[in-house]
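Undergrad: just the structure for this:
(one chain, ligands or ions: 1)
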Amino acid sequence: MTETDRPALPKVNQAVPSSARIYDYVLGGKDHYPVDRDAAEKVIEAFPTVHVAARQNRNFMHRAVNEITAMGVTQFLDIGTGIPTEPNLHQVAQAARPDARVAYVDNDPIVLAHARALLVGTAEGRTTYIDADLNAPEAILSAPQLHETLDLDRPIALSLVAVLHFLSDEQDPYRVVATLMDALAPGSFLVISHITTDLDPENMAIALDVYRQSGVFVQSRNRDEVTGFFTGHEILEPGVVASNQWRPAGESPAWLDTQVNCWAGVARKQ
Ligand SMILES: C[S@@+](CC[C@H](N)C(=O)[O-])C[C@H]1O[C@@H](n2cnc3c(N)ncnc32)[C@H](O)[C@@H]1O
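TA: Residues are numbered from 1 along each chain as shown. Below you'll find the predicted structure:
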C-alpha cells in the first residue's frame, strides 16, 4: 500500500502484524505494512504453498455459500470477514440469489476502513458491517445492524472461515460457537474452516511459530477438535475434510493435490 492510496485508518497499529493484513499479503492484496510482509514471508518460507492454501480456503467458502443458497438459505452472518477480496461472500450469494443478505463482522480496524467495499450489493439484497469481536458473541447478537439486516426467525448461515484458530482454548471458542448457533433458527447452517497441523505437521508447526513470534496468536486444532464445533448439528457430506476436498467443483487434479492447511466442514441445525 502506498501513502497516497492508504485510507484513513485511525486505530491501525503499523508496528505489530495483524492476521488480516498477513492474509491479505498472502492472497496478493495491497493492504499490508512492512511488519506484515516480514511475518508473511517467514510463513511462506516454512509453508511455500500457503498462498494456494489461502485461495483454497476462499474457494471452500465460495462453494459452501453456493451449496447453501441452492438449499434455499439466503441470509449469512460472516464473522472474521477479512480485508475485502473479490468475490466477497455477498457477491457469491447474490450472484445466485440477488435478494441474499449478509452481515459482516470483524474486529480489525483495517477491515473496518474497507467496510464500504463490503456494503455494495444488489438492489434486492442487503449487506451490513459490524465492528465487533468474536469473543463477545452476545454483543454481535444484540447489534442493531444485525437485526436491521437479518431476520433471526428464519435460517441463517453462520460463516466462521479461517477465524476460530485465533481464539485460544481459554477463550472457549466452543461456547462462542454454541452461543451463536443457539440464537439461530432451525435450518440454519454452520460453515467452518480452521488451521491445523494435521495435514503437514512439520512445516505448519514452523509457520504457526512464526505467527506467534510476530505477536499473532494462532492455535492449531486437530480434526476431532474441529469436528467438535459442529456438536449437536448434522454434518453435511463429505464431513470435516481438507478445505480443497469439500465438494470440489471443477478444480483441476493438480489443484486438488495441493497441500492445504485447514480442515473444513458445513453442518445444518435441526
Ligand atoms: C485469515 S482472515 C480470514 C478472512 C476470511 N474469513 C477468509 O477466510 O478469507 C481472519 C480474519 O478474522 C479476523 N479476526 C481475528 N480474530 C477475530 C476476533 N476475535 N473477532 C473478529 N474478527 C477476528 C481478522 O481480523 C481477519 O480479518
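Undergrad: so what touches whichever helix or strand Thr179 is part of?
TA: Secondary structure assignment for Thr179, by DSSP states H and E: helix 173-182. By Cβ atoms under 8 Å, 6 or more residues apart in numbering, the surrounding residues in contact with helix 173-182 are 77, 79, 134-135, 137-138, 140-141, 158, 160, 164, 167, 188, 190, 192, 228-229, 231-233, 269. Backbone N, C-alpha and C define where each C-beta goes, glycine included.
Undergrad: report the buried residues of stretch 116-126.
TA: By neighbour count with 16 or more other Cβ atoms under 10 Å, stretch 116-126 contains the buried residues Leu118, Gly121, Thr122, Gly125, Arg126.
Undergrad: contact partners for the first one?
TA: Taking Cβ under 8 Å, 6+ apart as the contact definition, Leu118 lies against Thr81, Pro84, Asn88, His90, Val102, Tyr104, Thr127, Tyr129.
Undergrad: tell me the secondary structure at whichever residue of the stretch 1-150 of the chain sits closest to the ligand.
TA: Nearest to the ligand in the stretch 1-150 of the chain, going by Cβ to the nearest ligand atom, is Gly82, at a distance of 2.7 Å. Recorded secondary structure, Gly82: coil (DSSP: H, G, I helix; E, B strand; the rest coil).
Undergrad: please name the nearest non-neighbouring residue to it.
TA: Closest residue to Gly82 apart from its sequence neighbours, by Cβ to Cβ, 6 or more residues apart in numbering: Ala20 at 5.6 Å.
Undergrad: mind listing the strands for the stretch 51-200 of the chain?
TA: 75-79, 101-106, 126-131, 157-161, 189-195 (DSSP state E, counting those that start in this stretch).
Undergrad: next, format the ones you listed as CSV and append mean pLDDT.
TA: Output for these, formatted as CSV (pLDDT from 0 to 100):
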stretch, mean pLDDT
strand 75-79, 98
strand 101-106, 98
strand 126-131, 96
strand 157-161, 99
strand 189-195, 98
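Undergrad: and Asn59, what does it touch?
TA: Taking Cβ under 8 Å, 6+ apart, we find Asn59 in contact with Ser243, Asn244, Glu251.
Undergrad: returning to that earlier point: which of the contacts of Leu118 are buried?
TA: Taking 16+ other Cβ under 10 Å as the criterion, what is buried in these is Thr81, Pro84, Asn88, His90, Val102, Tyr104, Thr127, Tyr129.
Undergrad: how about those, which pair is most distant?
TA: Longest distance between any two of the buried ones among the contacts of Leu118 is 12.1 Å, between Pro84 and Val102; criterion Cβ to Cβ.
Undergrad: can you pull the pLDDT of the residue nearest to Trp246 when sequence neighbours are not counted?
TA: Using Cβ to Cβ, 6+ apart and skipping the chain neighbours, the partner closest in space to Trp246 is Ala264 (4.8 Å). Note for Ala264: predicted pLDDT of 98.
Undergrad: then Ala254?
TA: According to the prediction, Ala254 has pLDDT 86.
Undergrad: re earlier: surely the residue nearest to Trp246 is in contact with Thr196?
TA: No. Between Ala264 and Thr196 there is no contact under Cβ atoms under 8 Å: 10.0 Å.
Undergrad: higher neighbour count, those two?
TA: The neighbour count for Ala264 versus Thr196, taken as other Cβ atoms under 10 Å, is higher for Ala264 (28 against 25).
Undergrad: the more buried one is in what secondary structure piece?
TA: Using DSSP H and E, the element containing Ala264 is strand 262-268.
Undergrad: and Leu112, what does it touch?
TA: Contacts of Leu112 by Cβ under 8 Å, 6+ apart are Asp106, Tyr129, Asp131.
Undergrad: once you drop chain neighbours, what's closest to the last one?
TA: Read that as Asp131. Leu112 (5.0 Å).
Undergrad: restrict the contacts of helix 173-182 to those near the ligand?
TA: The subset of the contacts of helix 173-182 within reach of the ligand, by Cβ under 6 Å from any ligand atom, is Ile79, Leu134, Asn135.
Undergrad: so what's the residue count around the last one?
TA: Spelled out, it's Asn135. As a burial measure, Asn135 scores 15 neighbours (other Cβ under 10 Å).
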